[in-house]
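[1] attaching a predicted model along with its sequence, questions to come.
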Amino acid sequence: MCLAVPGKIIAIEEIDSLRMAKVSFGGVMKQICLEWVPEAKIGDYVIVHVGFALNIVDEKEAEETLEMISEIEALMNEEEKQNSTSAE
Amino acid sequence: MKYIDEYRDAKAALALIKKIKSTAKKSAVIMEICGGQTHTILKYGIEELLPTNITLVHGPGCPVCVTPLELIDKAITIASFKDVIFTSYGDMLRVPGSKLDLINVKANGGDVRMVYSPLDALKIAEVNKDKKVVFFSVGFETTAPPNAMAVVEAQRRKLDNFSILCAHVLVPPAIEALLSSRESRIQAFLAAGHVCTVMGYSEYIPISKKYNTPIVVTGFEPVDILQGILLAVQQLEESKCEVENQYSRAVRLEGNPNAKKLLTETFDIVDRKWRGIGTIPQSGYRLKEKYSTFDAEKIFNVEYITKEESPLCIAGEVLQGLKKPTDCSAFRTHCKPETPLGAPMVSTEGACAAYYHYHK
Amino acid sequence: MEQNKQYSVNDYSCPLPITDYDKVIMAHGGGGTLSHRLIEKMFLSQFDNELLNLQHDGSVFEIGGERFAFTTDSYVVQPIFFPGGDIGELAVNGTVNDLAMCGAEPIYLSVGFILEEGFPLEDLWRITLSMKRAGERTRIKIITGDTKVVDRGKGDKIFINTSGIGKVYPGIEISPKNSRPGDVIIISGKIAEHGVAIMSAREGLEFETAIQSDTLPLNRLVSAMLKVSNKIHVMRDPTRGGVASTLNEIASSADVGIEIDELAIPISEEVKAACEILGFDPLYVANEGKMIALVEKQDAEKILRIMKNHPDGKDAAIIGKVVSEHRKRVVMKTSIGSMRIVDMISGEQLPRIC
């Protein structure tokens, strides 16, 4: 029901007085309505639900989330190394 | 696929699981209230990877499952009319009403069609001017703006043969209803990420304070869910209760103001019956009076249809997170996807269907 | 037979077998649980014999000391022309493949057409040529056929039935009952292409690189495999219901458990993305030019090498193994390392897919 997928805006045009975009989802192209993200431009990634863009993906935030997770990964690897050396 | 694959990364997932294990000293009961999240949790077997002191509970996060019986009966009545083309998202087609489901109506000659987008339903209305096209407008706040757009567009294009059967439900009132229930043992919530993409998350702040419950806005991939769980667990360990945003790449505090404006212009907030739970005040949308010519309930005169739930299945308790599908005596015996007794077994995001397909 | 006699349910001396719907619904054609139930309770219960009860893609029988395979299939795919093929090519390849899955070299085919009044002859010609080319590629001969026409609105352009006879390779016995724990599971290439190609034609999906149906005859690949090994226990082509349904069928009829690895299953990025958009699980999407083989462990590497060196199997991969635990169930190791059940599909994901 909440199936919303991120896709990249390839082209923007007006169809039937609605602001529409050609969006690529990993190579699958679909016509998506951009009426609620007027600031979206070509190259942006948008979150799409049933043919409508709900928001623009914030690249900076995405990077920060992944960085936070990488830090946890590094921490966990350190702990494991320590545990295995102390076990020896 | 970018912004998806990174959040399915095995190493990241395993690291998060380790961190949850080392952080969680107390027991915690965490509820998620989104069918998409239920689906991911079961598809990736996340529950079995968590430490035993963390319990995940699945709330009424599947709008298909909570659509009341009488609304299904109304849909079936409308779909059975000769000059009607009834359009719907796929999930709704097999939800059992009192006697039939929409698939039966199709098999009996009704014109019932599955669509992926409300814009498809509009196209059908444009091409079939001699028929009345009805769209089954189901969903949480994520789906409400697209469905609202369909009505606004229909008015703009002067389509007088298009209408919607509106069955929208809202998440924050449901969270309040669940937390205020005496039987509630929920200690933290994962809020549905895409609902918040539209609505933002400021509505959750007073709820979190009132019930002293951490709420974490969470995405849908396994890494998102695990990070959401970690943030909830960390809050519980530190006795905090805040609203945090794990899904920050797609959710802003204010949500999408354009989509929200469309909602306030198109819908009134009303009390709604939730299947298996009962009426939750101010928890649904109904078309505003100015759009009454697009309101299928009025057009087809089905407002009178009411139906009480029969206690055949324990969907209510499952939807409230009080029981698991595996606690139900009909689960996997009388109640299976091909012979569902209740909605959570029908919808691909329903808890019972997810358990049936993925749980060992 | 009397014309115009109205048969009533009460005329049957046996009670109508229990069904949950009293009419046929689309899900009965999906290749999943409802399909199987219909076949078991309605047809197998009445046509019952030891050859039919094996429920393989085709039946193997003996005449004059030689073993033959016989199979039939009907094609109702919508649309009839799709990226990568058409209903005619599908009708030939599909039946050739069912024979190949029995370990048989295809020899003869019958073709039955049911045509709707108004169907353009130009389209029929196109389909006929397509079938001719498909026949030439496999060297199967169409030796008998039938043509019927129904009123406009009583058919859907064209339905095709093909039945095939093949000669089983000597010394080869393909049967689920030969499968045992330790067997390796190999798939011949990337999954879900046919289903996505059909959906893209129906939904008007566009792709950067068009996704085509993978329809092709597998007899040449099978012949190459059987030349190097007689330790192939099971062969199946995962059509309706996809890889998941086929593996479940095998696990059930062989009474074994199956374990597969999600990360080992070959799938193209675009097909994966398309399934994501359409909300489909690729494991349940139809394939028309792929096969699954359960082979004895000692021959697995050898067979895989032959497949990968063959044009029809270049993306072949080992995806799992047969185990003695969780009999009749298929379990998958997910991309994050947890284990989950891969169930049989209950209804149908994509109607009229083949």
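    Structure received.

[2] dump the residue contacts of A:Trp36.
    A:52-54, B:145, B:256, B:258-259, B:262 (C-beta atoms under 8 Å, 6 or more residues apart in numbering or on different chains). Every residue, glycine included, has its C-beta placed from N, CA and C.

[3] mind checking how far C:Asn53 is from chain A?
    Here the criterion is C-beta to the nearest C-beta, to the nearest Å. By it, C:Asn53 lies 41 Å from chain A.

[4] so that residue belongs to a strand, correct?
    No - the assignment for C:Asn53 is helix, going by DSSP: H, G, I helix; E, B strand; the rest coil, so no strand is present there.

[5] model confidence for it, exactly?
    Predicted confidence (pLDDT) for C:Asn53: 77.

[6] that older thread, strands - which of the contacts of A:Trp36 land there?
    Counted as lying in strands by DSSP state E, out of those, are A:52-54.

[7] I'd like to know which of these are buried.
    Buried by 16 or more other C-beta atoms under 10 Å in any protein chain shown: A:52-54, out of these.

[8] nearest to B:Glu126, of those?
    Distances from B:Glu126 to those, taken as C-beta to C-beta, are shortest for A:Phe52 (18.5 Å).

[9] ok, C:Phe159 - contacts?
    Going by C-beta under 8 Å, 6+ apart, C:Phe159 touches C:74-76, C:113-114.

[10] make TSV from these and add secondary structure and pLDDT to it.
    Below are the contacts of C:Phe159 laid out as TSV (DSSP: H, G, I helix; E, B strand; the rest coil; pLDDT from 0 to 100):
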residue	secondary structure	pLDDT
C:Ser74	strand	95
C:Tyr75	strand	94
C:Val76	coil	92
C:Phe113	strand	97
C:Ile114	strand	97
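
[11] from these, pick the one nearest chain B.
    Nearest to chain B among the contacts of C:Phe159, counting by C-beta to the nearest C-beta, is C:Val76 at 16.7 Å.

[12] was I right to think the closest one contacts C:Asp156?
    Yes - the criterion here is C-beta atoms under 8 Å, and C:Val76 meets it with C:Asp156 at 7.2 Å.

[13] those two: who's more crowded?
    Using other C-beta atoms under 10 Å in any protein chain shown, the more surrounded residue of C:Val76 and C:Asp156 is C:Val76, with 19 against 14.

[14] which stretches in chain A count as strands?
    For chain A, the strands defined by DSSP E occupy A:4-15, A:18-25, A:28-33, A:45-49, A:52-56.

[15] quick check: residues of the stretch 251-354 of chain C near chain A?
    With C-beta under 8 Å from any C-beta of the partner chain as the criterion, the stretch 251-354 of chain C meets chain A at residues C:269-270, C:272-274, C:276-277, C:279.

[16] just those: which are in strands?
    Short answer: these have none in strands (DSSP E).

[17] just the buried ones from those residues, in PyMOL syntax?
    A single PyMOL command is used to select the members of these judged buried by 16+ other C-beta under 10 Å:
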select buried, chain C and resi 270+272+273+274+276+277
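
[18] tell me the one among the residues of the stretch 251-354 of chain C next to chain A nearest to chain B.
    Within those, the smallest distance to chain B is 5.4 Å, found for C:Ala273 (C-beta to the nearest C-beta).

[19] could you check which residue of chain A lies nearest chain C?
    Nearest residue of chain A to chain C: A:Gly26, at 2.9 Å (C-beta to the nearest C-beta).

[20] farthest pair in the contacts of A:Trp36?
    By the measure C-beta to C-beta, A:Ala53 and B:Leu262 form the most distant pair in the contacts of A:Trp36, at 13.4 Å.

[21] distance of the residue of the stretch 51-200 of chain B found nearest chain C from chain A?
    Closest contact between the stretch 51-200 of chain B and chain C, by C-beta to the nearest C-beta, is at B:Ala107 (4.6 Å). Taking C-beta to the nearest C-beta as the measure, B:Ala107 falls 25 Å from chain A.

[22] surely C:Gly155 and C:Glu116 touch.
    Yes - with contacts counted by C-beta under 8 Å, C:Gly155 reaches C:Glu116, the gap being 3.7 Å.

[23] quick check: buried residues in the worst-scoring helix or strand of chain A on mean pLDDT?
    Ranking every helix and strand in chain A by mean pLDDT, DSSP states H and E puts helix A:59-87 at the bottom, with a mean of 87. Of all the residues in helix A:59-87, those buried under the rule 16+ other C-beta under 10 Å are A:61-62, A:65-66, A:69, A:72-73, A:76.

[24] could you dump those to JSON lines with distance to B:Val133?
    Shown next, in JSON lines, are those (distance: C-beta to C-beta, whole Å):
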{"residue": "A:Glu61", "distance to B:Val133": "40"}
{"residue": "A:Ala62", "distance to B:Val133": "39"}
{"residue": "A:Thr65", "distance to B:Val133": "42"}
{"residue": "A:Leu66", "distance to B:Val133": "44"}
{"residue": "A:Ile69", "distance to B:Val133": "46"}
{"residue": "A:Ile72", "distance to B:Val133": "51"}
{"residue": "A:Glu73", "distance to B:Val133": "51"}
{"residue": "A:Met76", "distance to B:Val133": "55"}
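
[25] and these, which two are furthest apart?
    Using C-beta to C-beta, those reach their maximum pairwise distance at A:Glu61 and A:Met76, which is 22.9 Å.

[26] ok so, going back, any idea which of the buried ones among the ones in strands among the contacts of A:Trp36 is closest to B:Ile229?
    The closest of these, once distances to B:Ile229 are taken by C-beta to C-beta, is A:Leu54, at 23.9 Å.

[27] could you list every residue that touches the closest one?
    A:4, A:36-37, A:46-48, B:142, B:145, B:194, B:197-198, B:250, B:256, B:259.

[28] hmm, which of those is lowest in pLDDT?
    Lowest pLDDT among the contacts of A:Leu54: A:Ala4, 86.

[29] give me the nearest residue to A:Gly26, chain neighbours excluded.
    In space, and not counting its chain neighbours, A:Gly26 is closest to C:Ala273: 2.9 Å by C-beta to C-beta, 6 or more residues apart in numbering or on different chains.
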